[in-house]
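> just the structure for this:
(one chain, ligands or ions: 2)
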Amino acid sequence: MNYPKYAVLLGAAAVLTAFSGCGEKAPAQTSAERDVFAMDTFMTMKAYGSGAETALEEAQQRIKQLEDELSVTSEDSDIFRINNAGGEAVEVSADAVTLIGSGVSYWNETSGALEISVYPVLAEWGFTTGNYKIPEPERLKALLANVDSGKIEVNGSSVRIPEGSKIDLGALAKGYTGDEIMDICRENGVTSAIISLGGNVQTLGKKPDGSEWRVAVKDPFAPDTNMCVLSVSDRAVVTSGNYERYFTGDDGRDYWHIIDPKDGYPADNGLVSVTVIGESGLRCDALSTALFVAGTDAAESYLREHTDVDAVLVTDDDRLLYTVGIADKLDNISGKSAEVIARD
Ligand code: AMP
Ligand code: MG
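Ligands and ions are numbered 1, 2, ... in the order given. Below you'll find the model as predicted:
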């Protein structure tokens, strides 16, 4: 089970009443709201404008379709069929092709930090069932032998992975789903919307009153508390954090759900939370997970080189690092010291 990582500050703009210049009352702006439980996540959607109701109805159907295609557990899904094909090629949906292709691209781009074939290792830790345990080091080593996105083959609409490998799109499917919902909103003439898919917040346009959306990011050291608020429009804000799913082992240590594919252990490379802000939900989702795995130094250097995204990082010694592009949009409401990641 996933819990929403964000509190979304929607403001008090549920229904706006505007007045025209001559004092006549303009029609109240319509809005629609929907809560959906899908992909193991509570999702909330709010859209404004005459097309809002239709947009969210279509969005809900699209979420269901994506869940059916991409679920790792339901036996008819594309992912289940790929994982259980015994090394044979499988025909899959365009969505699965897009996401698997992206997974492989980000694996390349992040030096293997994003690794969609890490699934058997996650399962060994019990993150797929909730039956948590610390695996034997030998067992992890054996499982890691089959973890390699370089062996995933995508040919047109067919996908093949080696026998013994299993993939899971948990690190990027919600970002893609968010992008699809934003597209559906646009197609229906909606110009103002905000959705929260678990930890993924995506915004379309500005709030109906013309101000930016305010998206709160949790403090990974106190997840009931917000650490900062970001003012954004037309942006995805996606967080990966060690507090989202974890268990405390018999040894008293905490083990979390984001795995370093280098050793099969929870990624522990200096970061406890990574929030990525950018135009594409898919890119932000893939990068939030990948930069969490890559760790402080690698994340900082990636962010210096890739200026199309911004990020807020929290280190394991409780420092907040943020990219210069988001500096005037970030309200640090925590007592943490904040340092800017400069870009030349
Ligand atoms: P996110 O919340 O987007 O950071 O995604 C975390 C989820 O991605 C986990 O619950 C796993 O299902 C999966 N995952 C864990 N480690 C990795 C990894 N290194 N690469 C890709 N997916 C991962
Ligand atoms: Mg992610």
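> can you list the residues of the stretch 101-250 of the chain near ligand 1?
114-116, 118, 122, 168, 170-171, 240 (CB under 6 Å from any ligand atom). Glycine gets a C-beta too; all of them are placed from N, C-alpha and C.
> rerun that using 8 Å as the cut-off
Taking CB under 8 Å from any ligand atom as the criterion, the stretch 101-250 of the chain approaches ligand 1 at residues 103, 113-116, 118-119, 122, 127-128, 168, 170-172, 174-175, 198-200, 238-241, 244-245.
> keep only those of these that are in helices.
Of those, the ones assigned to helices by DSSP state H are 103, 119, 122, 174-175.
> from residue 329, how far off is the most centrally placed residue in the chain?
Centroid-nearest residue in the chain: residue 285, 3.6 Å away (criterion: CA atoms, centre = their mean). To residue 329, residue 285 is 20 Å away according to CB to CB, to the nearest Å.
> check residue 263 too.
Residue 263 sits 36 Å away from residue 329, going by CB to CB.
> compare these two (neighbour count), which wins?
residue 329 (19 against 14; other CB atoms under 10 Å).
> residues near residue 250, how many?
Applying other CB under 10 Å, we find 7 residues neighbouring residue 250.
> and the stretch 1-150 of the chain, which residues reach ligand 2?
Residues of the stretch 1-150 of the chain lying close to ligand 2 (CB under 5 Å from the ion): none.
> what ranges do the helices span in the stretch 1-150 of the chain?
Along the stretch 1-150 of the chain, the stretches classed as helices by DSSP state H, counting those that start in this stretch are 52-70, 78-83, 94-109, 119-125, 137-144.
> from the contact counts, what lies against the last one?
Helix 137-144 sits against helix 119-125, with contacts defined as 3 or more CB pairs under 8 Å, 6 or more residues apart in numbering; DSSP states H and E.
> mind listing what the one residue in the stretch 51-200 of the chain that gets nearest to ligand 2 touches?
For the stretch 51-200 of the chain, the residue closest to ligand 2 is residue 171, as judged by CB to the ion, at 4.2 Å. For residue 171, the contacting residues are 103, 114, 116, 240, 285-286, 289-290, by CB atoms under 8 Å, 6 or more residues apart in numbering.
> any chance of those in a markdown table, plus pLDDT and distance to residue 71?
Shown next, in a markdown table, are the contacts of residue 171 (pLDDT from 0 to 100; distance: CB to CB, whole Å):
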| residue | pLDDT | distance to residue 71 |
| --- | --- | --- |
| 103 | 98 | 16 |
| 114 | 98 | 20 |
| 116 | 98 | 14 |
| 240 | 97 | 20 |
| 285 | 98 | 17 |
| 286 | 98 | 19 |
| 289 | 98 | 18 |
| 290 | 98 | 22 |
